[in-house]
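Engineer: coords please:
(one chain, ligands or ions: 1)
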Amino acid sequence: MLISADWHLTKEQMASFDGLFYAPPILSLMRESGALLLLGDLTNNGRPAEHEAAARLLEDLSNRTGARILLLPGNHDLPRSGFGPADFEALYRRFGFDGAAGRDPASLSRAVVLRGATYLLLDTCRPGEPRGSVSRETLNWAEAVLKTAPFPVIACAHHPPMAYDAFPPDLPEGGEELAALLARYRVRYCFAGHRHENRLVERGGFRQVTVGMPGVWPCVLWKADDGVAEPVPLLRPGHPRLAAAKEELRAQAFAMGRAILKRRGVDDPRAEGWFEQAYLAAQGMDRDGLARLARDPARTVWQGLGQDSIAVRWILEVTAR
Ligand SMILES: [Fe+2]
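Structural biologist: Next up, the predicted model:
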C-alpha cells in the first residue's frame, strides 16, 4: 500500500495533473503497488467544483494504473459550508466507502480489508476547523473493529493523534485516547498527514508516521507492506526537481518569516535569515545546523515576538532541543 497526504490541489492543478513534477513517479508507483491511500487535504479549498474535479482525477488515476484508491477527508476538504460529510461520502463512494467492512455511524470513519490487512480509516475532521477531534462514539466503534478485525490493522487519520512536540495546536481532541486505544490493541502503525512533514515517532511499540507532501522536499510517499513502513523517494538523487523543490521550500520559509516580522513591525535581516534556516533545519534539511541555530542571538528576536504563530512556536521548539 502506498500512502500519501496533503496534495492540496487546486482545480487548475487537477486539470493538468500529469504536468506536476511528482505525477509521473506517483503513477508508476501506483501501477507497481496496486493501491494508494490518501490521508486527506486532497483539495486546497474544499469547494464543490474542486471536489468534482478531484473525484474525476482519482477515477482517472485509478483507471489508468489499475490501483485501488482509499481516501480520507482532511480539514481543507470539509469547509464550514458548501460541502459537508454527506457530500464527501456521496462523491467519493468508490474510494473506500463501497465494500467497507465496517462503518462508523458518527463520522466518515470506515474499516477496509485489503490484501489481508485491515485499514482503519479514521475521520478526525470537524467541518470548518483546522483542529480535529475523535468522539467517544468513534472511539467505541474503533474498539469494536479492533476486537474482531483481521490483522494486521493499519490505522490512518488526517490529524496525527499523538503529540510529538510542543506544537500541538491541531492535535485532535480525543487524539491521545485514540493513540492509547491503538497501542492497547497492538496496532503497530498509524499514518497521518496534516503537518506537511515526515516524522516517525514511537511510543512503546506503537509508531506514528506523519507523511509529508509529495511536492515538497524530500518528496516521498510512504509504503506499508508486511508490517514494515518506509519512505519511498519520488525523485532520484540529483533530479533537478529535487533541488527545485528544496528551493521552493526555502522561498516559502523566507516569505513566511518576512511576513511575520513585517506584521510585528520588525525590520531585522538577521532574524529573517534565522527563520529561513531554522525552518529548513526543522524540516530535516540541515539537522546538524540546529545546535548552531539554538545558540544564534537572532533566535531571541523570535522568542520575543512570535509566540502567537504556530510556525514560530514550532521552530523555537525544534531549535531548543
Ligand atoms: Fe490538514
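
Engineer: neighbours around the single nearest residue of the chain relative to the ion, how many?
Structural biologist: When scored by Cβ to the ion, the chain has His194 as its residue closest to the ion, at 3.8 Å. All C-beta spots, glycine's among them, are computed from the backbone N, C-alpha and C. For His194, the tally of surrounding residues (other Cβ atoms under 10 Å) stands at 27.

Engineer: show me what contacts it?
Structural biologist: His194 is in contact with 5-6, 39-41, 74-75, 132, 158-160, 170, 210, counting by Cβ atoms under 8 Å, 6 or more residues apart in numbering.

Engineer: do a quick rundown of the strands in the stretch 201-321 of the chain.
Structural biologist: All strands of the stretch 201-321 of the chain, identified by DSSP state E, counting those that start in this stretch, fall at 206-210, 220-225, 228-233.

Engineer: before we move on, what SS does the residue of the chain closest to the ion have?
Structural biologist: coil (DSSP: H, G, I helix; E, B strand; the rest coil).

Engineer: and it, how close does it get to Gly265?
Structural biologist: Separation of His194 from Gly265 (Cβ to Cβ, to the nearest Å): 31 Å.

Engineer: rewinding a little: quick check: which of the strands of the stretch 201-321 of the chain is nearest to Arg93?
Structural biologist: Distance to Arg93, taken as Cβ to Cβ, is lowest for strand 220-225 among the strands of the stretch 201-321 of the chain, at 24.1 Å.

Engineer: next, the buried residues of the closest one.
Structural biologist: Val220, Leu221, Trp222, Lys223, Ala224 (16 or more other Cβ atoms under 10 Å).

Engineer: those into a markdown table, with extra columns for pLDDT?
Structural biologist: Compiled in a markdown table, these are given as follows (pLDDT from 0 to 100):
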| residue | pLDDT |
| --- | --- |
| Val220 | 92 |
| Leu221 | 95 |
| Trp222 | 95 |
| Lys223 | 93 |
| Ala224 | 92 |
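
Engineer: pick the one among those closest to Asn45.
Structural biologist: Closest approach to Asn45 among those (Cβ to Cβ): Leu221, at 23.5 Å.

Engineer: quick one: the closest one and Leu2 touch, right?
Structural biologist: Yes - proximity of Leu221 to Leu2 meets the contact threshold set by Cβ atoms under 8 Å, at 5.3 Å.

Engineer: overlap in contacts of these two?
Structural biologist: Common neighbours of Leu221 and Leu2 (Cβ under 8 Å, 6+ apart) are Leu29, Val232.

Engineer: circling back: looking at the strands of the stretch 201-321 of the chain, which is nearest to Ala49?
Structural biologist: Evaluated over these, closeness to Ala49 peaks at strand 220-225, with 27.0 Å, by Cβ to Cβ.

Engineer: how big is the angle separating that closest one from strand 206-210?
Structural biologist: 150 degrees (axes from the mean of the first three to the mean of the last three Cα atoms, to 10 degrees).

Engineer: which ones are touching Asp123?
Structural biologist: Leu72, Pro73, Pro85, Asp104, Ser107, Leu108, Ser109, Thr138, Ala157, His158.

Engineer: ranges for the helices of the chain?
Structural biologist: 11-15, 23-33, 48-65, 85-91, 136-148, 175-184, 240-263, 269-282, 290-295, 298-305, 310-318 (DSSP state H).

Engineer: need those in CSV with mean pLDDT, can you?
Structural biologist: What follows is these, written out as CSV (pLDDT from 0 to 100):
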stretch, mean pLDDT
helix 11-15, 93
helix 23-33, 96
helix 48-65, 98
helix 85-91, 98
helix 136-148, 97
helix 175-184, 96
helix 240-263, 86
helix 269-282, 89
helix 290-295, 90
helix 298-305, 90
helix 310-318, 77
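
Engineer: any idea which of these is most buried?
Structural biologist: Highest mean neighbour count of the helices of the chain: helix 269-282, a mean of 21 (counted as mean count of other Cβ atoms under 10 Å).

Engineer: list buried residues within the contacts of Asp123.
Structural biologist: If we count by 16+ other Cβ under 10 Å, the contacts of Asp123 have these buried: Leu72, Pro73, Asp104, Ser107, Leu108, Ser109, Thr138, Ala157, His158.

Engineer: so which bits of this structure are right by the ion?
Structural biologist: Asp41, Gly74, Asn75, His194 (Cβ under 5 Å from the ion).

Engineer: which of those residues sits closest to Gly205?
Structural biologist: The closest of the residues of the chain next to the ion, once distances to Gly205 are taken by Cβ to Cβ, is His194, at 23.3 Å.

Engineer: just the pLDDT for the closest one.
Structural biologist: As predicted, His194 sits at a pLDDT of 93.

Engineer: and Leu139, what does it touch?
Structural biologist: Contact partners of Leu139, counting by Cβ under 8 Å, 6+ apart, are Gly174, Glu177, Leu178, Leu181.

Engineer: wait, Tyr154 sits on Gly116?
Structural biologist: Rather than Tyr, residue 154 is Ile. No - Ile154 lies out of contact with Gly116 (Cβ under 8 Å); the separation is 11.1 Å.
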